[in-house]
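Q: Compute the structure for the input listed below.
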Amino acid sequence: MIYLKSNADIAIMRDNGKILTEIFKKLKNTIKAGITTKDIDTVVESIIYSRFAEPSFKGYRGFPAASCVSPNAEVVHGIPGEYVLKDGDIVGVDVGAFKNGFHVDAARTYAVGAISAEAERLVTVTRESFFKGVEQAVIGNRVSDISAAVQRYVEAAGFNVVRDMQGHGIGRSVHEDPRVPNFGMPGKGPKLRAGMVLAVEPMVSQGDFRIVTEPNGWTVVTKDGKLSAHYENTLALTDSGPEILTLDDGDMH
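A: Below is the predicted model of the structure:
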């Protein structure tokens with residue numbers, strides 16, 4: 001079932017989104033060679049609790065951390081730990097926050113020091129594909145219009161969308177209907193209506209789109225070991241157009 005949100009619900013989610021944008025702003029200055037993925041999670045968790053919110057992911061189905069931190073070939077759900085970031089790495093950070101009854105969810109991929117031109121292009125295309133999807137997030141379109149726009153942009157750039165992981169509705173639960181794939185034919189799936197709130201999250205691989213899950217049961221990696229990037233925002237559909245609830249000033253399109 002798709003739960004439509006009232007203007008008051010969206011206002012709460014808009015406020016919660018500011019917690020995530022604060023986190024991403026802080027991480028821009030925090031992420032550098034020599035820190036661990038656990039260090040990143042410590043920053044994330046600290047900010048969430050300082051804003052009297054709770055991390056959406058910590059304890060979710062047993063996940064042990066406040067954020068998913070996924071370097072290089074890790075697509076998503078990386079468990080923060082002792083991996084030390086080095087120059088040339090890219091690292092995806094996926095964060096959710098829960099406050100006043102509602103969740104928000106967003107992700108960014110960061111460069112560690114100087115990265116290769118190809119890695120830079122991967123990160124940029126992943127981010128840009130999100131905005132191509134948002135262009136289709138208008139009342140009366142269908143969910144797969146978003147999906148198809150993401151796929152078209154990514155594949156035109158010579159990359160692949162990860163097929164087995166997808167976006168989702170969000171609200172009182174961190175994962176709600178509908179599912180929002182990053183590929184597919186346009187004109188399919190539920191019709192977009194005012195009050196729907198979606199977490200749209202392109203996950204893009206440098207090589208093959210196939211993935212495997214590591215023995216820890218969480219961390220998803222590219223099967224061919226090539227790089228992957230992730231970009232996500234929480235998006236409210238309104239009569240006046242889509243509103244991105246987790247977009248920081250430094251990341252405006």
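Q: Show me which helix runs longest in the chain.
A: Taking DSSP state H as the criterion, the chain has its longest helix at helix 7-30.
Q: chain center to the next helix or strand after that helix: distance?
A: The helix or strand immediately downstream of helix 7-30 is helix 37-50, counting by DSSP states H and E. Centre-to-centre, helix 37-50 and its host chain are 17 Å apart (CA atoms, centre = their mean, to the nearest Å).
Q: and the next helix-or-strand element following helix 37-50, which strands flank it?
A: Downstream of helix 37-50, the next assigned helix or strand under DSSP H and E is strand 54-55. Here strand 54-55 is paired, per DSSP bridges, with strand 90-99 (antiparallel).
Q: angle of the partner strand against helix 37-50?
A: Here the directions of strand 90-99 and helix 37-50 differ by 20 degrees (axes from the mean of the first three to the mean of the last three CA atoms, to 10 degrees).
Q: list the contacts for Val123?
A: Ile90, Thr109, Ala111, Ile115, Ala229 (CB atoms under 8 Å, 6 or more residues apart in numbering). For glycine as for every other residue, the C-beta is placed from the backbone atoms N, C-alpha and C.
Q: Do I have it right that the first one meets Val112?
A: Spelled out, that is Ile90. Yes - using CB atoms under 8 Å, Ile90 is in contact with Val112, at 6.9 Å.
Q: Look at these two and report which has more neighbours.
A: Set side by side, Ile90 and Val112 show more neighbours around Ile90, with 27 against 20, by other CB atoms under 10 Å.
Q: Point out where this structure drops to low pLDDT.
A: 249-253 (pLDDT under 70).
Q: Helices of that one, start to end?
A: 7-30, 37-50, 117-134, 143-156.
Q: export the ones you listed to a markdown table and tack on distance to Asn182?
A: Below are these laid out as a markdown table (distance: least, CB to CB, whole Å):
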| stretch | distance to Asn182 |
| --- | --- |
| helix 7-30 | 20 |
| helix 37-50 | 24 |
| helix 117-134 | 8 |
| helix 143-156 | 5 |
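Q: residues contacting Glu120?
A: So Glu120 contacts Ala111 (CB under 8 Å, 6+ apart).
Q: Tell me the most packed of the contacts of Val123, by neighbour count.
A: Most surrounded of the contacts of Val123: other CB under 10 Å gives Ala229, at 29 neighbours.
Q: measure that one to Ala148 for me?
A: Note on Ala229: its distance to Ala148, by CB to CB, to the nearest Å, is 20 Å.
Q: returning to what we had before: out of the contacts of Val123, who's nearest Val204?
A: Distances from Val204 to those, taken as CB to CB, are shortest for Ala229 (5.3 Å).
Q: Gly189: which of the helices of the chain is closest?
A: Between the helices of the chain, helix 143-156 lies closest to Gly189; by CB to CB that is 3.5 Å.
Q: contact partners of the closest one?
A: 125-126, 128-130, 132-137, 160-161, 178-190, 192, 198, 200, 202, 204.
Q: next one: stretch 184-197
A: By CB under 8 Å, 6+ apart, stretch 184-197 touches 2, 4-6, 10, 13, 136-145, 147-149, 151, 169-171, 177-178, 234-239, 245.
Q: Please pick the buried ones from the residues you listed.
A: 2, 5, 10, 13, 136-137, 139, 141-145, 147-149, 151, 169-171, 178, 234-238, 245 (16 or more other CB atoms under 10 Å).
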